[in-house]
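Engineer: model this:
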Amino acid sequence: MIKIYHNPRCSKSRQGLEILKESGQEHEVIQYLKEPLSIDELKKILKLLNIKPIALVRKNEKIWKENYKEKVDKLSDNDIIQAMIENPKLIERPIVVNGEKAVIGRPPEDIKEIL
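Structural biologist: Okay, here's the model as predicted:
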(Lines give C-alpha, C1' and ligand atoms only; values in the text may rest on other atoms or scores of the structure.)
Protein backbone atom coordinates (compact mmCIF):
# COMPACT_ATOMS: atom_id res chain seq x y z
CA MET A 1 0.00 0.00 0.00
CA ILE A 2 1.14 3.55 -0.74
CA LYS A 3 2.12 5.58 2.31
CA ILE A 4 2.32 9.33 2.58
CA TYR A 5 4.24 10.88 5.45
CA HIS A 6 2.13 13.96 5.85
CA ASN A 7 1.97 17.22 7.75
CA PRO A 8 -1.50 18.75 7.34
CA ARG A 9 -0.14 22.23 8.10
CA CYS A 10 2.15 22.12 5.04
CA SER A 11 0.65 23.23 1.71
CA LYS A 12 2.97 20.98 -0.33
CA SER A 13 1.99 18.03 1.83
CA ARG A 14 -1.71 18.81 1.37
CA GLN A 15 -1.18 19.07 -2.40
CA GLY A 16 0.63 15.72 -2.36
CA LEU A 17 -2.22 14.08 -0.48
CA GLU A 18 -4.68 15.51 -3.02
CA ILE A 19 -2.67 13.93 -5.86
CA LEU A 20 -2.92 10.56 -4.09
CA LYS A 21 -6.66 10.96 -3.57
CA GLU A 22 -7.17 11.90 -7.23
CA SER A 23 -5.19 8.82 -8.33
CA GLY A 24 -7.85 6.63 -6.73
CA GLN A 25 -5.17 4.35 -5.34
CA GLU A 26 -5.45 3.05 -1.80
CA HIS A 27 -3.07 4.84 0.53
CA GLU A 28 -2.23 5.27 4.18
CA VAL A 29 -1.70 8.72 5.68
CA ILE A 30 0.97 8.89 8.38
CA GLN A 31 1.01 12.14 10.30
CA TYR A 32 4.63 11.78 11.35
CA LEU A 33 4.45 14.68 13.80
CA LYS A 34 1.77 12.78 15.76
CA GLU A 35 3.13 9.27 15.05
CA PRO A 36 6.93 9.69 15.12
CA LEU A 37 9.03 7.43 12.93
CA SER A 38 11.37 4.85 14.38
CA ILE A 39 15.04 4.95 13.45
CA ASP A 40 14.53 1.81 11.33
CA GLU A 41 11.61 3.38 9.45
CA LEU A 42 13.57 6.55 8.75
CA LYS A 43 16.61 4.57 7.58
CA LYS A 44 14.40 2.52 5.25
CA ILE A 45 12.88 5.69 3.78
CA LEU A 46 16.35 7.17 3.25
CA LYS A 47 17.44 3.98 1.49
CA LEU A 48 14.37 4.02 -0.78
CA LEU A 49 14.95 7.70 -1.56
CA ASN A 50 18.63 6.91 -2.18
CA ILE A 51 19.77 10.07 -0.40
CA LYS A 52 22.00 11.00 2.49
CA PRO A 53 20.21 12.01 5.71
CA ILE A 54 21.25 15.66 5.35
CA ALA A 55 19.23 15.83 2.09
CA LEU A 56 16.03 15.08 4.03
CA VAL A 57 16.56 17.85 6.59
CA ARG A 58 14.50 21.04 6.47
CA LYS A 59 17.44 23.39 6.97
CA ASN A 60 15.32 26.52 7.43
CA GLU A 61 13.61 25.18 10.54
CA LYS A 62 14.46 27.12 13.69
CA ILE A 63 15.44 23.89 15.48
CA TRP A 64 18.07 23.17 12.81
CA LYS A 65 19.45 26.68 12.73
CA GLU A 66 19.73 26.93 16.50
CA ASN A 67 21.02 23.45 17.31
CA TYR A 68 22.71 21.85 14.31
CA LYS A 69 23.61 24.27 11.54
CA GLU A 70 26.89 25.43 13.06
CA LYS A 71 28.14 21.89 13.68
CA VAL A 72 26.84 20.21 10.52
CA ASP A 73 30.40 19.37 9.39
CA LYS A 74 30.93 17.38 12.60
CA LEU A 75 27.63 15.46 12.44
CA SER A 76 27.61 11.86 11.23
CA ASP A 77 24.73 10.44 9.21
CA ASN A 78 23.54 8.73 12.40
CA ASP A 79 23.66 12.06 14.28
CA ILE A 80 21.48 13.65 11.61
CA ILE A 81 19.04 10.72 11.67
CA GLN A 82 18.85 11.02 15.46
CA ALA A 83 18.17 14.76 15.14
CA MET A 84 15.24 14.03 12.81
CA ILE A 85 13.89 11.35 15.15
CA GLU A 86 14.06 13.73 18.12
CA ASN A 87 12.69 16.65 16.07
CA PRO A 88 10.34 15.29 13.37
CA LYS A 89 9.69 18.85 12.19
CA LEU A 90 13.12 18.62 10.56
CA ILE A 91 11.94 15.93 8.12
CA GLU A 92 11.16 17.18 4.63
CA ARG A 93 7.60 16.55 3.50
CA PRO A 94 5.64 15.02 2.03
CA ILE A 95 7.35 11.68 1.50
CA VAL A 96 5.45 9.09 -0.50
CA VAL A 97 6.45 5.41 -0.48
CA ASN A 98 5.04 2.95 -2.98
CA GLY A 99 6.56 -0.50 -2.52
CA GLU A 100 10.28 -0.19 -3.21
CA LYS A 101 10.01 3.35 -4.58
CA ALA A 102 9.88 6.61 -2.70
CA VAL A 103 9.87 10.29 -3.51
CA ILE A 104 9.85 13.61 -1.70
CA GLY A 105 6.83 15.49 -3.01
CA ARG A 106 8.62 18.76 -3.76
CA PRO A 107 7.16 19.67 -6.11
CA PRO A 108 4.05 17.60 -5.36
CA GLU A 109 3.80 16.53 -9.02
CA ASP A 110 6.89 14.33 -8.44
CA ILE A 111 4.57 11.94 -6.59
CA LYS A 112 2.99 10.94 -9.90
CA GLU A 113 6.32 9.32 -10.92
CA ILE A 114 5.82 6.43 -8.49
CA LEU A 115 2.07 5.88 -8.75
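
Engineer: For the rest of this, base every contact and every neighbour count on C-alpha atoms.
Structural biologist: Will do.

Engineer: can you pull the buried residues of the longest helix seen in the chain?
Structural biologist: Longest helix of the chain, by residue count under DSSP state H: helix 11-23. In terms of neighbour count (16 or more other Cα atoms under 10 Å), helix 11-23 has its buried residues at Lys12, Ser13, Arg14, Gln15, Gly16, Leu17, Ile19, Leu20.

Engineer: next one: stretch 27-42
Structural biologist: Buried-residue list, stretch 27-42, by 16+ other Cα under 10 Å: His27, Glu28, Ile30, Tyr32, Pro36, Leu37, Leu42.

Engineer: quick check, nearest of those to Leu115?
Structural biologist: Using Cα to Cα, His27 comes nearest to Leu115 of these, at 10.7 Å.

Engineer: Okay, and the beta partners of the closest one?
Structural biologist: His27 forms beta bridges with Ile2, as assigned by DSSP bridges.

Engineer: Kindly provide the distance from it to Ile19.
Structural biologist: Per Cα to Cα, to the nearest Å, His27 is found 11 Å from Ile19.

Engineer: Same question for Lys47.
Structural biologist: 24 Å.

Engineer: same thing with Lys52?
Structural biologist: Distance from Lys52 to Ile19, by Cα to Cα: 26 Å.

Engineer: Kindly report the same for Leu37.
Structural biologist: 23 Å.

Engineer: next one: Ile114
Structural biologist: Ile114 sits at a distance of 12 Å from Ile19 (criterion: Cα to Cα).

Engineer: Contacts only, for Leu90.
Structural biologist: Taking Cα atoms under 8 Å, 6 or more residues apart in numbering as the criterion, Leu90 is in contact with Leu56, Val57, Arg58, Lys59, Glu61, Ile63, Trp64, Ala83, Met84.

Engineer: Leu75: which of those residues is nearest?
Structural biologist: Ala83 (9.9 Å).

Engineer: which secondary structure element contains the closest one?
Structural biologist: helix 77-86 (DSSP states H and E).

Engineer: shouldn't Asn98 be in contact with Lys3?
Structural biologist: Yes: Asn98 is within contact range of Lys3, at 6.6 Å (criterion: Cα atoms under 8 Å).

Engineer: For Ala55, which three-state class applies?
Structural biologist: helix (DSSP: H, G, I helix; E, B strand; the rest coil).
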